[in-house]
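Peer 1: next one to model:
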Amino acid sequence: MSILDAHMLEFFSRSPEQTRRIGMRLGSLLAAGDVICLQGDLGAGKTTFTQGLAQGWGSLDSVSSPTFVLVNQYRRADGAQLFHLDAYRLDSVPEAEELDLDSMLAEGALIIEWPERLGDLIPNEHLQIRLEHLSEEHRQMNFHAHGKRYDDLLDSIRQSMVGG
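Peer 2: Prediction:
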């Protein structure tokens with residue numbers, strides 16, 4: 001783990017289990033209105049990370065990539081919702097506007113894969129995570145916080161990694 005600046009964190013995962021565990025730590029901190037943007041090529045570990053994130057958040061539903069349905073919705077025992085959007089198949093920003101991200105954020109947290117396809121629809125404040133495939137088991141994860149809420153999330157993740 002290295003800290004590039006107060007808004008960034010770099011982490012090297014040595015296994016899918018470790019990628020999932022980092023996701024679990026973040027998931028346990030998520031609140032309604034949070035936006036997590038996941039970037040990385042196919043096979044970079046976005047779904048594995050999201051599985052951990054949903055598990056840490058307390059999802060009752062299993063996680064799969066929403067590539068063909070665009071949005072998966074996960075539920076928690078207390079009624080909270082987590083939305084998992086895969087923008088890979090979106091052709092345009094107007095098509096993305098039809099998804100109504102605002103209503104999702106009013107009801108729960110939002111994970112977005114391929115956020116670059118949404119353009120200005122991404123809220124200014126969000127946590128961007130870039131995953132890179134280094135080898136069969138190894139992934140590089142770069143976290144970049146945009147806004148105080150996400151700086152605080154990164155601080156919590158740093159503390160849990162150092163402390164745990």
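Peer 1: longest helix anywhere in this protein?
Peer 2: helix 148-163 (DSSP state H).
Peer 1: buried set for that helix?
Peer 2: By 16 or more other CB atoms under 10 Å, the buried positions in helix 148-163 come out as 150, 151, 153, 154, 157, 160. (Each C-beta comes from the backbone N, C-alpha and C, glycine too.)
Peer 1: the fifth one: what's it in contact with?
Peer 2: Spelled out, it's residue 157. 9, 22, 25, 26, 29, 143 (CB atoms under 8 Å, 6 or more residues apart in numbering).
Peer 1: give me phi/psi at the first one?
Peer 2: For residue 9, the backbone dihedrals (degrees, to the nearest 10) come out as phi -150, psi 130.
Peer 1: in CSV, list the C-alpha atoms belonging to stretch 16-28.
Peer 2: In CSV, the C-alpha atoms belonging to stretch 16-28 read as follows (Å, rounded to 0.1, in the frame of the first residue of the first chain):
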residue,chain,number,x,y,z
PRO,A,16,-8.8,-12.6,-5.9
GLU,A,17,-9.5,-13.1,-2.1
GLN,A,18,-7.4,-10.0,-1.3
THR,A,19,-9.2,-8.0,-3.9
ARG,A,20,-12.5,-9.1,-2.4
ARG,A,21,-11.4,-8.2,1.1
ILE,A,22,-10.5,-4.7,0.1
GLY,A,23,-13.9,-4.4,-1.5
MET,A,24,-15.5,-5.7,1.8
ARG,A,25,-13.7,-3.0,3.8
LEU,A,26,-15.0,-0.3,1.5
GLY,A,27,-18.5,-1.9,1.3
SER,A,28,-18.8,-1.8,5.1
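Peer 1: and it, how far out from the chain's middle?
Peer 2: 10 Å (CA atoms, centre = their mean, to the nearest Å).
Peer 1: contacts for that stretch next, please.
Peer 2: 11, 13, 36, 45, 48-58, 127, 131, 137, 139, 141, 153, 156-157, 160-161.
Peer 1: quick one: distance of the strand or helix carrying residue 11 to the chain centre.
Peer 2: Here residue 11 sits within strand 8-13, counting by DSSP states H and E. Strand 8-13 has its C-alpha centroid displaced from the chain centroid by 14 Å (CA atoms, centre = their mean).
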